[in-house]
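Asks: Got a predicted structure plus its sequence, pasted below:
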Amino acid sequence: MIRENLNAVEQAVEASCQKAGRERGEVTLIAVSKTRPLSDLREAYEAGTRDFGENKVQELVDKIPELPSDIRWHMIGHLQRNKVKYIVGKVSMIHSVDSLHLAEEISKEAVRKNTEVDILIEVNVAEEESKYGVTLSEAPGLVEQIAQLPSIHIKGLMTIAPFTENPEENRIFFRKLKQLSVDIERKNIDNVSMVVLSMGMTGDYTVAIEEGATCVRVGTGIFGERHYDTQGE
Ligand SMILES: *Cc1c(COP(=O)(O)O)cnc(C)c1O
């Protein structure tokens, strides 16, 4: 089933790229494997997936050593400062940085481990109470502060759009995040690039691609509905 789902998502990604006049190579499909057993991840790997997204440090730490080393792991969930040390050096990107404090901890740990960490700034574009992330207006200032830290590199922006039945309702939020990335890029800040735009999930990734997403994070659409009762969230 996972292989079939992946094929269907892949076709939808290609169709959206075509519709938007973009190359398929501009968009990375991240398979969000949180709560999934290793057997599911292996199946996706066998079908060609190399980018996996997880939202819990413990799950990342458990899964990484069990799977092939050519996988790029993406930390997409809220990250606590005291857990930074467990993932620096192991993940290829942290999508969910939303404070200077957190960035400082990542930077310190990267220096300590003599490594470099790529991050995205999480923006709560719709300003939902329940979500992490800085506001659109706070983002540029945070970017400028984090840019000065050693061994941490801002590669772009990330957002989690509101849950909605109608993905068209999220188009405005994706467009705003894209505009923000253009505005920040124009500032030409040292140590900052805006090449990554991580937006779009199962319900709205096609719209996100039309609005410029370079990473879409798809869980349910690949692995099916999640059941939190066994592993919790
Ligand atoms: C769970 C999760 C996703 C994937 O959600 P689906 O609706 O299952 O595709 C994407 N991004 C983040 C940050 C998530 O936590």
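Replies: Nice, thanks for sending it over.
Asks: I'd assumed I160 was in contact with F174.
Replies: No. Using Cβ atoms under 8 Å, F174 is not in contact with I160; the gap is 11.3 Å. Where you see a C-beta, it was placed from the backbone N, CA and C, and this is true even at glycine.
Asks: what about the helices in the chain?
Replies: With helices called from DSSP state H, the chain shows them at 2-20, 38-46, 57-63, 84-87, 100-112, 139-146, 171-186, 205-210, 220-223, 228-231.
Asks: Deepest-packed of those helices, please.
Replies: The highest mean neighbour count among the helices of the chain, using mean count of other Cβ atoms under 10 Å, belongs to helix 205-210: a mean of 24.
Asks: can you list the residues of this structure near the ligand?
Replies: Neighbours of the ligand within the chain, by Cβ under 6 Å from any ligand atom: 32, 34, 55, 76-77, 160, 201-203, 217-221.
Asks: Tell me the one of the residues you listed nearest Y228?
Replies: K34 (9.7 Å; Cβ to Cβ).
Asks: end-to-end on stretch 125-142?
Replies: One end of stretch 125-142 to the other measures 15 Å (Cα to Cα, to the nearest Å).
Asks: got the buried residues for that stretch?
Replies: Across stretch 125-142, burial judged by 16 or more other Cβ atoms under 10 Å covers 125-126, 131-134, 136, 139-140, 142.
Asks: and which of those is nearest to K178?
Replies: Taking those together and measuring to K178 by Cβ to Cβ, the closest member is V125, at 10.2 Å.
Asks: Quick check, that closest one in contact with T159.
Replies: Yes. Between V125 and T159 there is a contact under Cβ under 8 Å: 4.9 Å.
Asks: just checking, L6 touches A44?
Replies: Yes. If you go by Cβ under 8 Å, L6 and A44 touch, sitting 6.5 Å apart.
Asks: thinking again about what came up before, including mean pLDDT, could the helices of the chain go into a markdown table?
Replies: Converted to a markdown table, the helices of the chain look like this (pLDDT from 0 to 100):
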| stretch | mean pLDDT |
| --- | --- |
| helix 2-20 | 98 |
| helix 38-46 | 98 |
| helix 57-63 | 98 |
| helix 84-87 | 98 |
| helix 100-112 | 98 |
| helix 139-146 | 98 |
| helix 171-186 | 98 |
| helix 205-210 | 98 |
| helix 220-223 | 98 |
| helix 228-231 | 58 |
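Asks: quick one: which of those is nearest I71?
Replies: Evaluated over these, closeness to I71 peaks at helix 38-46, with 7.0 Å, by Cβ to Cβ.
Asks: quick one on the thing from earlier: common neighbours of L6 and A44, please.
Replies: 31, 222 (Cβ atoms under 8 Å, 6 or more residues apart in numbering).
Asks: Just the ones in strands from the residues of the chain next to the ligand, please.
Replies: When DSSP state E is applied, those are split such that 32, 217-218 fall in strands.
Asks: quick one: L100 from K113, how far?
Replies: From L100 across to K113, the span is 20 Å (Cβ to Cβ, to the nearest Å).
Asks: I misspoke; the intended subject was L67.
Replies: Distance of L67 to K113, computed by Cβ to Cβ: 21 Å.
Asks: cool, T214 as well?
Replies: 27 Å.
Asks: now swap in T49 and tell me
Replies: Using Cβ to Cβ, we find T49 at a distance of 27 Å from K113.
Asks: Just want to know which of these two has more residues nearby.
Replies: Neighbours were counted for T49 and for K113 using other Cβ atoms under 10 Å; T49 has more, 22 against 14.
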